[in-house]
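S.K.: What would the 3D arrangement of this be:
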Amino acid sequence: MAQIAVEFTDTTMRIQSHAFSCEFPEVEKNKKAVLVFLRSLCHPETGKSLFTYQELADAFGYTARQNVENFLAEFRASEQSFVQFLTRVNTKHDRLFPLVEAQVLSSVFLSVHQHYLAFCAAHPQETLSEATFREYVKDLDGGKILQKVRQMASKTELSLDVQRYLQELLELKEVSAVKRKEIVEVFPTVETSSSEARNAPDVDLRQSAVSRKLLVVLLYVYNVPQEVLALLFGVGKTSIHTWIYAICGEEVEWRILREIVCWSGHVSFDEKWVKIKGQWYFVLCAVDSVSGFPLLIDLYPTLDTVSWTLFFKRFDALYGRPKLIQSDGSRALAAAREIVFPGVQYQLCKFHKLKNLMKRLRQHIDDQKLLKRCTRLAKHIFSNSWVSSRKQAAKTLQNLAGQEVSAYLETHIFSVWRHLTQSLTNNAAERFNRKIEKCLSGRYGFSSTTSVEVLLRGLWLKELVLNGRKHLDATSQITKLDLAEICQESLNVDKILHSFDDYALSRTEKLA
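M.R.: You can find the predicted model right below:
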């Protein structure tokens, strides 16, 4: 035993890797086994280990002795069985990752959400959340995906046939009926064999049963609790929940988009944030700057150039290029705008610019008399009737306010002066954002993106019924809705008072 120790020390504990690889193909596992074996060697007289943790770590090229200690801990945890110690555990990731990879590679152009739905349908026995599914997708080999895309665009077909690709996409069973309908709406030249997508009969919103559910949705987006709605309409809370989700499904979104035929061409873009299960999501909005009616609403998990680019492309596919874009100074929005709408005239919100300028003035000017004069000049930059007068006020302020404010004016005002000349605001989008905030803030929290999307569709539908009729075709059923008549048919004063009394009593009993 002592001879083994001497030979091991004399060679500086260099164990030739090829000696193990010839006999044992898995070198890492062999190293772990050898480390455990060498550490277990003891002096025959003293009983102490022949090699310290540090000596073993140095010999095998580990940075710290803790690596060897961890291997010994794993060995003891495996009941000191080398077979169990060296056997790879078949984890859930190992079992499901090949299935996830096969699903994604089967149709690389589907969204991750649609892949997840297809995976659940193909493997109902597996319990896998969408968040975990997305983590598995992140581990996919990008080379395999690229190879799949290249196969679709082989050398014999260097130019992809868009029409044929969309036709094949329509025939995939993983694509929902709503997505099929969306493709046909945006690309009318694409034909589909599914009559459900193009010839599905529209629901008559004037039918008493449907109009009653529509009234429930309108009240719900005004923050009337489902418990109160159940009392008002004499049904259970579950029925109210079912009505809301039935009316505010994906179909209603495309119905709204299909019926909007008029808009001014001037569009305000803005975003609003919402927290879902502890994670921030962002509601991107396109609002008609003249009427204040929302033309497009969508929910995204990030607020970056990619999200804004996708949003702008969808707007362009539905409505075309706007005449004028109004927005704040978001860099991500500006970058996406240059990608999708290059050359389109745009104006920055003067209120955002004034607010930021006033903040700089208060930070860098201590003299109250000078601050008062600079504040008046700052307001003149954005409120004077003549563009020349506004620019003169900006130059005067630049000379008076000091180096920091002067540099800010040069970077954020003069550099974008031609996009401030019309002295416009982004108030249309801001007002609708306040409606979103009011609609969402009356809830106790959101467990999924679906619940937020249902609320947003309900709010959009409410805006269309109450304020968006000028944007609709004259033949639209929504223009013929009589809300007063619907209310008279569905509600009465005695029932309302009785329902609120019952609700107040139930709340009192719960608090007691």
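
S.K.: any idea how far stretch 393-411 is from the chain center?
M.R.: Averaging C-alpha positions (CA atoms, centre = their mean, to the nearest Å) puts stretch 393-411 39 Å from its chain's average.

S.K.: first vs last residue of that stretch, how far apart are they?
M.R.: 16 Å (CA to CA, to the nearest Å).

S.K.: How about residues contacting it?
M.R.: Identification of contacts with stretch 393-411 by CB atoms under 8 Å, 6 or more residues apart in numbering yields 357, 360-361, 363-365, 370, 373-374, 377-378, 380-381, 384, 413-414. (Glycine included, C-beta is placed from N, CA and C.)

S.K.: Where helices are concerned, which of those residues count?
M.R.: Leu357, Arg360, Leu361, Gln363, His364, Leu370, Arg373, Cys374, Leu377, Ala378, His380, Ile381 (DSSP state H).

S.K.: Give the buried residues for stretch 479-490.
M.R.: Leu481, Ile486, Ser490 (16 or more other CB atoms under 10 Å).

S.K.: which SSE is the second one in?
M.R.: So the one you mean is Ile486. Per DSSP states H and E: Ile486 is located in helix 483-490.

S.K.: Which residues does that helix contact?
M.R.: Counting by CB under 8 Å, 6+ apart, Ser208, Ser211, Arg212, Leu214, Leu215, Leu218, Phe233, Val465, Leu466 sit against helix 483-490.

S.K.: I'd like the distance between Phe101 and Gly236.
M.R.: Quick fix: residue 101 reads Glu, not Phe. For Glu101, the distance to Gly236 equals 44 Å [CB to CB, to the nearest Å].

S.K.: hang on, I meant Ser423
M.R.: Counting by CB to CB - Ser423 and Gly236 are separated by 54 Å.

S.K.: Equivalent analysis for Lys372, please.
M.R.: Taking CB to CB, one finds Lys372 at 62 Å from Gly236.

S.K.: how many other residues sit next to the nearest residue to Ser268 once chain neighbours are set aside?
M.R.: Among residues not flanking Ser268 along the chain, Ala429 sits closest, at 3.8 Å (CB to CB, 6 or more residues apart in numbering). Ala429: 26 surrounding residues under other CB atoms under 10 Å.

S.K.: What is the host helix or strand of Ala429 packed up against?
M.R.: Assigned by DSSP H and E, Ala429 belongs to helix 427-441. If contacts are counted by 3 or more CB pairs under 8 Å, 6 or more residues apart in numbering; DSSP states H and E, helix 427-441 sits against strand 266-276, strand 279-288, strand 324-327, helix 449-467.

S.K.: go with 7 Å
M.R.: strand 266-276, strand 279-288, helix 449-467 (3 or more CB pairs under 7 Å, 6 or more residues apart in numbering; DSSP states H and E).

S.K.: quick one: low-confidence ranges for this protein?
M.R.: 1-29, 79, 82-91, 109, 149, 152-209, 491-512 (pLDDT under 70).

S.K.: tell me the domain boundaries of it?
M.R.: The chain breaks down into these domains under automatic domain parsing: 2-86, 92-199, 208-247+482-510, 255-348+427-469, 350-419.

S.K.: Next, count neighbours for Arg418.
M.R.: Using other CB under 10 Å: Arg418 sits among 10 other residues.

S.K.: Give the buried residues for stretch 450-458.
M.R.: Ser451, Val452, Glu453, Val454, Leu455, Leu456, Arg457, Gly458.

S.K.: ok, the fifth one - contacts?
M.R.: Read it as Leu455. Shown in contact with Leu455 (CB atoms under 7 Å, 6 or more residues apart in numbering): Val221, Cys439, Leu440.

S.K.: Could you report the neighbour count for the last one?
M.R.: Which is Leu440. 21.

S.K.: Give me the nearest residue to it, chain neighbours excluded.
M.R.: In space, Leu440 is closest to Val274, 5.6 Å off (CB to CB, 6+ apart).

S.K.: Cys262: neighbour count?
M.R.: 12.

S.K.: Hmm, it is touching His471, no?
M.R.: Yes: Cys262 is within contact range of His471, at 4.9 Å (criterion: CB atoms under 7 Å).

S.K.: Check which helix or strand Glu404 maps to.
M.R.: Using DSSP H and E, Glu404 falls within helix 403-412.

S.K.: Could you pull out the buried residues of that helix?
M.R.: Going by neighbour count (16+ other CB under 10 Å), the buried part of helix 403-412 is Val405, Tyr408, Leu409.

S.K.: buried residues in stretch 261-271?
M.R.: Here stretch 261-271 shows Trp263, His266, Val267, Ser268, Phe269, Asp270, Glu271 as buried, counting by 16+ other CB under 10 Å.

S.K.: coming back round to it: which of the ones in helices among the contacts of stretch 393-411 lies closest to Val344?
M.R.: Ile381 (24.9 Å; CB to CB).

S.K.: Would you agree that closest one is in contact with Gln392?
M.R.: No: with contact defined as CB under 7 Å, Ile381 does not reach Gln392; the gap is 9.3 Å.

S.K.: Looking at these two, which is more packed in?
M.R.: Ile381 (25 against 15).

S.K.: In JSON lines, list the domains of the chain along with distance to Ser476.
M.R.: Shown next, in JSON lines, are the domains of the chain (distance: least, CB to CB, whole Å):
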{"stretch": "domain 2-86", "distance to Ser476": "68"}
{"stretch": "domain 92-199", "distance to Ser476": "16"}
{"stretch": "domain 208-247+482-510", "distance to Ser476": "14"}
{"stretch": "domain 255-348+427-469", "distance to Ser476": "5"}
{"stretch": "domain 350-419", "distance to Ser476": "35"}
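
S.K.: Ignoring the adjacent residues along the chain, who's closest to Glu253?
M.R.: Distance criterion CB to CB, 6+ apart; nearest residue to Glu253, sequence neighbours excluded, is Arg457 at 5.6 Å.

S.K.: Tell me which residues touch the one you found, please.
M.R.: Neighbouring residues of Arg457 by CB under 7 Å, 6+ apart: Cys248, Val252, Glu253.

S.K.: Which of these sits closest to Val306?
M.R.: Scanning the contacts of Arg457 for proximity to Val306, where the rule is CB to CB, the winner is Glu253, at 21.6 Å.

S.K.: Redo the buried residues of stretch 261-271 as a markdown table? Include distance to Leu146.
M.R.: Formatted as a markdown table, the buried residues of stretch 261-271 follow (distance: CB to CB, whole Å):
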| residue | distance to Leu146 |
| --- | --- |
| Trp263 | 40 |
| His266 | 42 |
| Val267 | 36 |
| Ser268 | 39 |
| Phe269 | 33 |
| Asp270 | 36 |
| Glu271 | 32 |
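
S.K.: which of the residues you listed lies closest to Lys313?
M.R.: Closest to Lys313 out of the buried residues of stretch 261-271 is Phe269 (13.2 Å), distances taken as CB to CB.

S.K.: Provide the partner residues of Ile260 in its beta bridges.
M.R.: Leu472 (DSSP bridges).

S.K.: Report whether the expected contact of Asp270 with Arg434 is present.
M.R.: No: using CB under 7 Å, Asp270 makes no contact with Arg434, being 10.8 Å away.

S.K.: what about the helices in the stretch 51-200 of the chain?
M.R.: Along the stretch 51-200 of the chain, the stretches classed as helices by DSSP state H, counting those that start in this stretch are 53-59, 66-77, 82-86, 92-106, 112-122, 130-138, 142-152, 162-171, 177-186, 195-199.
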